[in-house]
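Q: Sequence first, predicted model second:
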Amino acid sequence: MPDVAFINGSFVPLAEAKISIDDRGFQFGDGVYEVIRTYKGRPFALEAHWARLERSAAALELTQPYSRTEWTHFVLEGVRRAAYPEAKIYIQLSRGAAPRDHVYPAHLAPTVVMTVREFHPLDKSVSVAGVEAMTIEDIRWGRCDIKSLNLLANVLARQQAKQAHVFEAILVKEGLVTEGAVSNVMVVRGGAVLTAPEGPRILSGVTRAVVLELAINEGLPIHERGISQAELYGADEVFLTGTTVEVLAVVRVDGKSIGDGRPGPVTQRLAAGFTRLVG
């Protein structure tokens, strides 16, 4: 089964995919992206992903080349061509190719890139045991709500976590938890679920929204507010949400055990609810 690429309206084998060296996505990170996964071969939460792609593109004044119906058609065709049991779909929209200059010409044709690769979910043993995380300073730019191509701070954070032999880097800005390098972060205290509020400091994940809705349906209080590092350490439970991690317990942060050092009951309930939803 092949890895598939889609470049500006045409499907090609991934090895043959090419864009211009003058593309502003390559030169400046001038673009946005989305990551979608499948469950049983079906892309999950497409409308939510399209809505976020539209918001991100509008914030950068990027031209949207396709309607939601057209995007969906291309995704489904890419999944069909790749024919993997489960796939990860990466979509990138950049401002297009132009001579290198910070100021961009008007009416550039955007560059559209999509890849479809096989997706390997986390081993079940990881979610059963939970993972470790570390905190680091959040040095990202001021519009984290835009899913932009500028991910250098996330790359450095994720690499630091890898070198520390932990799963995720939890970002802290001015003493408050924002999110993870590749995930959103939620804390459970006294039976309530706490998470950083939507706004420019976080990228509000599609899975985050789904899990908060599940929590409401479970009758759990939800508080979207700043969470201090002390509250993080003293939490009853901590868990991550994201397209690739789903709902994943964090059992240690900076070497400190969270709760009793095992995935807690609220995390397990929400993880089970999410599994039922996507199944």
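A: Structure's in. What do you need? Numbers count the residues shown, from 1 in each chain.

Q: And the helices in this structure?
A: Secondary structure of the chain (DSSP state H): helices located at 24-28, 46-59, 68-82, 124-129, 152-163, 206-217, 229-233, 265-278.

Q: What residue in this protein is the furthest from its centre?
A: P99 (31.1 Å; CA atoms, centre = their mean).

Q: Which residue lies closest in space to that one, excluding its sequence neighbours?
A: Leaving out its chain neighbours, the residue that sits closest to P99 by CB to CB, 6 or more residues apart in numbering is D22, at 6.4 Å. Quick note: C-beta positions are derived from backbone N, CA and C, even for glycine.

Q: circling back to that earlier point, for the helices of the chain, give me JSON lines that also has mean neighbour count, distance to G9 and mean pLDDT.
A: Shown next, in JSON lines, are the helices of the chain (neighbours: other CB atoms under 10 Å; distance: least, CB to CB, whole Å; pLDDT from 0 to 100):
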{"stretch": "helix 24-28", "mean neighbour count": "20", "distance to G9": "17", "mean pLDDT": "97"}
{"stretch": "helix 46-59", "mean neighbour count": "17", "distance to G9": "17", "mean pLDDT": "97"}
{"stretch": "helix 68-82", "mean neighbour count": "16", "distance to G9": "8", "mean pLDDT": "97"}
{"stretch": "helix 124-129", "mean neighbour count": "13", "distance to G9": "39", "mean pLDDT": "95"}
{"stretch": "helix 152-163", "mean neighbour count": "15", "distance to G9": "30", "mean pLDDT": "98"}
{"stretch": "helix 206-217", "mean neighbour count": "19", "distance to G9": "25", "mean pLDDT": "98"}
{"stretch": "helix 229-233", "mean neighbour count": "15", "distance to G9": "46", "mean pLDDT": "97"}
{"stretch": "helix 265-278", "mean neighbour count": "17", "distance to G9": "30", "mean pLDDT": "97"}
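
Q: With distance to G242 as new columns, can those helices be given to me in TSV?
A: TSV is the format used below for those (distance: least, CB to CB, whole Å):
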stretch	distance to G242
helix 24-28	23
helix 46-59	13
helix 68-82	19
helix 124-129	13
helix 152-163	12
helix 206-217	5
helix 229-233	18
helix 265-278	11
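
Q: Of these, which is nearest S257?
A: Closest of the helices of the chain to S257 is helix 229-233, at 9.4 Å (criterion: CB to CB).

Q: Off-centre distance for the closest one?
A: 23 Å (CA atoms, centre = their mean, to the nearest Å).

Q: closest to V172 out of the helices of the chain?
A: So among the helices of the chain, helix 229-233 is nearest, using CB to CB, at 5.8 Å.

Q: CA atoms only: put that closest one into PDB for me.
A: Written as PDB, here are the backbone C-alpha positions of helix 229-233 (Å, rounded to 0.1, in the frame of the first residue of the first chain):
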ATOM      1  CA  GLN A 229       2.300  24.800  38.200                       C
ATOM      2  CA  ALA A 230       1.500  24.000  41.800                       C
ATOM      3  CA  GLU A 231      -2.000  23.000  40.900                       C
ATOM      4  CA  LEU A 232      -0.600  20.800  38.200                       C
ATOM      5  CA  TYR A 233       1.700  19.000  40.700                       C
END
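
Q: which residues make contact with stretch 119-133 from outside it?
A: 37-38, 84, 86-88, 161, 165-170, 180, 238, 240, 244-246, 248-254, 262-263, 271 (CB atoms under 8 Å, 6 or more residues apart in numbering).

Q: what's the first-to-last distance across it?
A: Start-to-end span of stretch 119-133 (CA to CA, to the nearest Å) is 23 Å.

Q: nearest to L194, of the helices of the chain?
A: Closest among the helices of the chain, using CB to CB: helix 229-233, at 7.5 Å.

Q: contacting residues around that closest one?
A: Outside helix 229-233, the residues that reach it (CB under 8 Å, 6+ apart) are 135, 170, 172, 175-177, 187, 189, 194, 238, 253-254, 256, 258.

Q: hang on, isn't M114 packed against L93?
A: No. Look at M114 against L93 with CB atoms under 8 Å: they stay out of range, at 9.6 Å.
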